[in-house]
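Undergrad: Sequence plus the predicted model coming up.
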Amino acid sequence: QKEVEQNSGPLSVPEGAIASLNCTYSDRGSQSFFWYRQYSGKSPELIMFIYSNGDKEDGRFTAQLNKASQYVSLLIRDSQPSDSATYLCAVKRREYGNKLVFGAGTILRVKS
Amino acid sequence: GAGVSQSPRYKVAKRGQDVALRCDPISGHVSLFWYQQALGQGPEFLTYFQNEAQLDKSGLPSDRFFAERPEGSVSTLKIQRTQQEDSAVYLCASSQTPGTSGIGEQFFGPGTRLTVL
(Lines give C-alpha, C1' and ligand atoms only; values in the text may rest on other atoms or scores of the structure.)
Protein backbone atom coordinates (compact mmCIF):
# COMPACT_ATOMS: atom_id res chain seq x y z
CA GLN A 1 0.00 0.00 0.00
CA LYS A 2 1.37 3.38 -1.00
CA GLU A 3 1.59 5.94 1.75
CA VAL A 4 -0.51 8.49 -0.18
CA GLU A 5 -3.07 7.29 -2.69
CA GLN A 6 -4.89 9.24 -5.36
CA ASN A 7 -7.04 8.15 -8.25
CA SER A 8 -4.93 8.82 -11.33
CA GLY A 9 -7.94 9.89 -13.40
CA PRO A 10 -8.40 11.58 -15.69
CA LEU A 11 -11.32 13.23 -13.96
CA SER A 12 -13.39 15.08 -16.54
CA VAL A 13 -15.83 17.80 -15.52
CA PRO A 14 -17.70 20.39 -17.56
CA GLU A 15 -16.83 24.04 -17.21
CA GLY A 16 -18.63 25.61 -14.26
CA ALA A 17 -19.05 22.33 -12.38
CA ILE A 18 -17.50 21.30 -9.06
CA ALA A 19 -14.42 19.10 -9.32
CA SER A 20 -13.80 16.80 -6.37
CA LEU A 21 -10.32 15.39 -5.90
CA ASN A 22 -9.64 12.80 -3.24
CA CYS A 23 -6.62 11.52 -1.37
CA THR A 24 -6.13 8.89 1.31
CA TYR A 25 -3.06 8.39 3.45
CA SER A 26 -1.84 5.48 5.53
CA ASP A 27 0.25 7.12 8.25
CA ARG A 28 -2.02 8.15 11.13
CA GLY A 29 0.76 10.36 12.43
CA SER A 30 0.54 12.64 9.39
CA GLN A 31 -0.10 16.17 10.56
CA SER A 32 -0.10 18.55 7.61
CA PHE A 33 -1.68 18.11 4.22
CA PHE A 34 -0.98 19.96 1.03
CA TRP A 35 -2.50 20.28 -2.41
CA TYR A 36 -0.25 21.20 -5.30
CA ARG A 37 -1.25 21.87 -8.90
CA GLN A 38 1.13 20.85 -11.65
CA TYR A 39 0.67 21.85 -15.25
CA SER A 40 2.26 19.63 -17.87
CA GLY A 41 5.99 20.26 -18.01
CA LYS A 42 5.90 22.66 -15.10
CA SER A 43 6.78 22.41 -11.42
CA PRO A 44 4.26 21.88 -8.59
CA GLU A 45 2.52 25.02 -7.36
CA LEU A 46 1.07 25.14 -3.85
CA ILE A 47 -2.70 25.70 -3.78
CA MET A 48 -3.65 25.04 -0.18
CA PHE A 49 -2.64 23.37 3.02
CA ILE A 50 -4.74 22.11 5.92
CA TYR A 51 -3.92 20.61 9.29
CA SER A 52 -7.18 20.68 11.27
CA ASN A 53 -10.19 18.49 10.74
CA GLY A 54 -12.93 20.16 8.76
CA ASP A 55 -13.02 22.51 5.82
CA LYS A 56 -10.74 25.32 4.75
CA GLU A 57 -11.82 27.63 1.96
CA ASP A 58 -9.74 29.87 -0.26
CA GLY A 59 -11.56 31.43 -3.18
CA ARG A 60 -12.87 28.68 -5.46
CA PHE A 61 -10.91 26.03 -3.57
CA THR A 62 -11.98 24.12 -0.46
CA ALA A 63 -9.79 21.58 1.29
CA GLN A 64 -11.45 19.03 3.54
CA LEU A 65 -9.67 16.90 6.12
CA ASN A 66 -10.96 13.91 8.04
CA LYS A 67 -8.17 12.46 10.15
CA ALA A 68 -10.32 9.63 11.52
CA SER A 69 -10.91 8.37 8.01
CA GLN A 70 -7.40 9.39 6.86
CA TYR A 71 -8.92 11.27 3.98
CA VAL A 72 -8.27 14.68 2.49
CA SER A 73 -10.04 16.21 -0.47
CA LEU A 74 -9.95 19.29 -2.66
CA LEU A 75 -13.07 20.81 -4.14
CA ILE A 76 -12.82 23.25 -7.01
CA ARG A 77 -15.97 25.27 -7.59
CA ASP A 78 -16.87 26.84 -10.92
CA SER A 79 -14.17 24.82 -12.67
CA GLN A 80 -12.44 26.54 -15.55
CA PRO A 81 -10.47 25.07 -18.45
CA SER A 82 -7.39 26.70 -16.90
CA ASP A 83 -7.84 24.38 -13.91
CA SER A 84 -6.93 21.44 -16.14
CA ALA A 85 -3.77 20.05 -14.58
CA THR A 86 -2.46 17.29 -12.35
CA TYR A 87 -3.33 17.76 -8.69
CA LEU A 88 -0.86 16.35 -6.20
CA CYS A 89 -1.71 15.53 -2.61
CA ALA A 90 1.17 15.59 -0.12
CA VAL A 91 1.44 14.84 3.58
CA LYS A 92 3.96 15.70 6.23
CA ARG A 93 4.69 14.24 9.64
CA ARG A 94 6.58 16.33 12.13
CA GLU A 95 8.71 13.46 13.39
CA TYR A 96 10.02 12.96 9.89
CA GLY A 97 11.08 16.55 9.52
CA ASN A 98 9.79 18.69 6.74
CA LYS A 99 9.83 16.20 3.90
CA LEU A 100 6.66 15.83 1.89
CA VAL A 101 5.29 12.48 0.80
CA PHE A 102 3.35 12.84 -2.44
CA GLY A 103 0.68 10.83 -4.13
CA ALA A 104 0.98 10.14 -7.84
CA GLY A 105 -1.55 12.84 -8.67
CA THR A 106 -4.97 13.07 -10.28
CA ILE A 107 -5.32 14.46 -13.78
CA LEU A 108 -8.21 16.92 -14.01
CA ARG A 109 -9.71 17.93 -17.35
CA VAL A 110 -12.24 20.73 -17.47
CA LYS A 111 -14.16 20.78 -20.74
CA SER A 112 -15.53 24.02 -22.13
CA GLY B 1 15.17 36.47 -7.28
CA ALA B 2 11.51 36.06 -6.49
CA GLY B 3 11.40 32.28 -6.67
CA VAL B 4 13.48 29.13 -6.61
CA SER B 5 15.75 28.85 -9.62
CA GLN B 6 17.42 25.75 -11.01
CA SER B 7 20.01 25.16 -13.65
CA PRO B 8 20.40 23.72 -16.13
CA ARG B 9 16.76 23.29 -17.10
CA TYR B 10 17.63 20.37 -19.35
CA LYS B 11 20.58 18.04 -19.23
CA VAL B 12 21.42 15.15 -21.52
CA ALA B 13 24.16 12.85 -20.30
CA LYS B 14 25.70 9.72 -21.65
CA ARG B 15 25.54 6.76 -19.34
CA GLY B 16 28.50 6.84 -17.00
CA GLN B 17 28.93 10.60 -17.03
CA ASP B 18 28.80 12.71 -13.89
CA VAL B 19 26.28 15.55 -13.68
CA ALA B 20 25.79 18.49 -11.32
CA LEU B 21 22.44 20.18 -10.83
CA ARG B 22 22.18 23.55 -9.17
CA CYS B 23 19.45 25.06 -7.00
CA ASP B 24 19.20 28.64 -5.83
CA PRO B 25 16.46 28.89 -3.15
CA ILE B 26 14.27 31.81 -2.26
CA SER B 27 16.37 34.36 -0.40
CA GLY B 28 16.25 33.81 3.34
CA HIS B 29 14.75 30.32 3.15
CA VAL B 30 16.48 28.12 5.67
CA SER B 31 15.25 24.76 4.41
CA LEU B 32 16.07 23.26 1.04
CA PHE B 33 14.82 20.01 -0.42
CA TRP B 34 15.59 17.87 -3.43
CA TYR B 35 12.95 15.65 -5.00
CA GLN B 36 12.99 13.32 -7.98
CA GLN B 37 9.93 13.08 -10.20
CA ALA B 38 9.55 10.26 -12.68
CA LEU B 39 7.08 10.59 -15.54
CA GLY B 40 3.51 10.18 -14.34
CA GLN B 41 4.49 10.04 -10.68
CA GLY B 42 4.54 12.44 -7.79
CA PRO B 43 7.82 13.88 -6.56
CA GLU B 44 9.84 11.60 -4.31
CA PHE B 45 11.98 12.99 -1.52
CA LEU B 46 15.74 12.74 -1.88
CA THR B 47 17.36 14.93 0.73
CA TYR B 48 16.87 17.93 3.04
CA PHE B 49 19.09 20.73 4.28
CA GLN B 50 18.60 23.15 7.10
CA ASN B 51 21.08 25.89 6.35
CA GLU B 52 24.29 24.05 5.47
CA ALA B 53 23.47 20.94 7.48
CA GLN B 54 22.15 17.93 5.61
CA LEU B 55 19.61 16.62 8.09
CA ASP B 56 18.03 13.88 6.05
CA LYS B 57 19.43 12.00 3.08
CA SER B 58 17.27 8.94 3.44
CA GLY B 59 15.79 9.30 -0.03
CA LEU B 60 19.02 9.26 -2.00
CA PRO B 61 18.73 6.09 -4.10
CA SER B 62 22.40 5.13 -4.08
CA ASP B 63 25.84 6.33 -3.11
CA ARG B 64 26.15 7.75 -6.62
CA PHE B 65 23.95 10.61 -5.44
CA PHE B 66 25.49 13.36 -3.39
CA ALA B 67 24.16 16.77 -2.35
CA GLU B 68 25.75 19.74 -0.68
CA ARG B 69 24.87 23.23 0.47
CA PRO B 70 28.19 24.53 1.79
CA GLU B 71 27.20 28.11 2.62
CA GLY B 72 23.56 27.52 3.46
CA SER B 73 22.15 29.01 0.28
CA VAL B 74 22.87 27.49 -3.14
CA SER B 75 22.76 23.71 -3.29
CA THR B 76 24.20 21.23 -5.78
CA LEU B 77 22.95 17.72 -6.42
CA LYS B 78 25.63 15.57 -8.00
CA ILE B 79 25.03 12.24 -9.67
CA GLN B 80 28.07 10.16 -10.47
CA ARG B 81 28.25 7.51 -13.18
CA THR B 82 24.73 8.23 -14.38
CA GLN B 83 22.47 5.34 -15.31
CA GLN B 84 19.38 5.31 -17.51
CA GLU B 85 17.17 4.87 -14.46
CA ASP B 86 18.38 8.26 -13.23
CA SER B 87 16.41 9.93 -16.03
CA ALA B 88 13.80 12.08 -14.32
CA VAL B 89 12.98 15.64 -13.37
CA TYR B 90 14.92 16.82 -10.35
CA LEU B 91 13.01 19.38 -8.35
CA CYS B 92 14.37 21.69 -5.71
CA ALA B 93 12.11 23.30 -3.12
CA SER B 94 12.73 25.77 -0.34
CA SER B 95 10.86 26.63 2.81
CA GLN B 96 11.00 29.48 5.26
CA THR B 97 10.35 27.30 8.28
CA PRO B 98 13.24 25.38 9.75
CA GLY B 99 13.09 22.11 11.63
CA THR B 100 9.82 20.64 12.76
CA SER B 101 7.99 23.80 13.73
CA GLY B 102 5.23 25.42 11.81
CA ILE B 103 3.66 24.39 8.55
CA GLY B 104 6.67 24.96 6.36
CA GLU B 105 5.11 25.38 2.96
CA GLN B 106 7.54 24.34 0.27
CA PHE B 107 7.94 26.30 -2.95
CA PHE B 108 9.32 24.50 -5.95
CA GLY B 109 11.73 25.54 -8.65
CA PRO B 110 11.17 24.76 -12.35
CA GLY B 111 13.19 21.56 -12.18
CA THR B 112 15.99 20.05 -14.21
CA ARG B 113 14.99 17.40 -16.70
CA LEU B 114 17.79 14.84 -16.85
CA THR B 115 17.95 12.39 -19.72
CA VAL B 116 20.57 9.67 -19.59
CA LEU B 117 21.25 7.99 -22.91
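TA: Happy to help now that I have it.
Undergrad: what about residue 103, neighbour count?
TA: Answering for chain A, as no chain was given. For A:G103, the neighbour count with other C-beta atoms under 10 Å in any protein chain shown is 24. (Glycine included, C-beta is placed from N, CA and C.)
Undergrad: Can you look at chain B instead?
TA: B:I103, neighbours per other C-beta under 10 Å, totals 16.
Undergrad: Would you state the predicted confidence (pLDDT) at it?
TA: At B:I103, the model reports a pLDDT of 75.
Undergrad: Does it touch B:Q96 like I think?
TA: No - between B:I103 and B:Q96 there is no contact under C-beta atoms under 8 Å: 9.7 Å.
Undergrad: and the residue nearest to A:Q6 when sequence neighbours are not counted, what is it in contact with?
TA: Nearest residue to A:Q6, sequence neighbours excluded (C-beta to C-beta, 6 or more residues apart in numbering or on different chains): A:G103, at 3.8 Å. With contacts defined as C-beta atoms under 8 Å, 6 or more residues apart in numbering or on different chains, the neighbours of A:G103 are A:K2, A:V4, A:E5, A:Q6, A:C23, A:L88, A:C89, A:A90, B:G42.
Undergrad: just the buried members of those?
TA: Buried members of the contacts of A:G103, counted by 16 or more other C-beta atoms under 10 Å in any protein chain shown: A:V4, A:E5, A:Q6, A:C23, A:L88, A:C89, A:A90, B:G42.
Undergrad: Might you report the residue contacts of the fourth one?
TA: The reference is to A:C23. A:V4, A:E5, A:Q6, A:F33, A:Y71, A:V72, A:S73, A:L74, A:C89, A:G103.
Undergrad: if you set the cut-off to 7 Å instead, what comes out?
TA: Shown in contact with A:C23 (C-beta atoms under 7 Å, 6 or more residues apart in numbering or on different chains): A:V4, A:E5, A:Q6, A:V72, A:S73, A:C89, A:G103.
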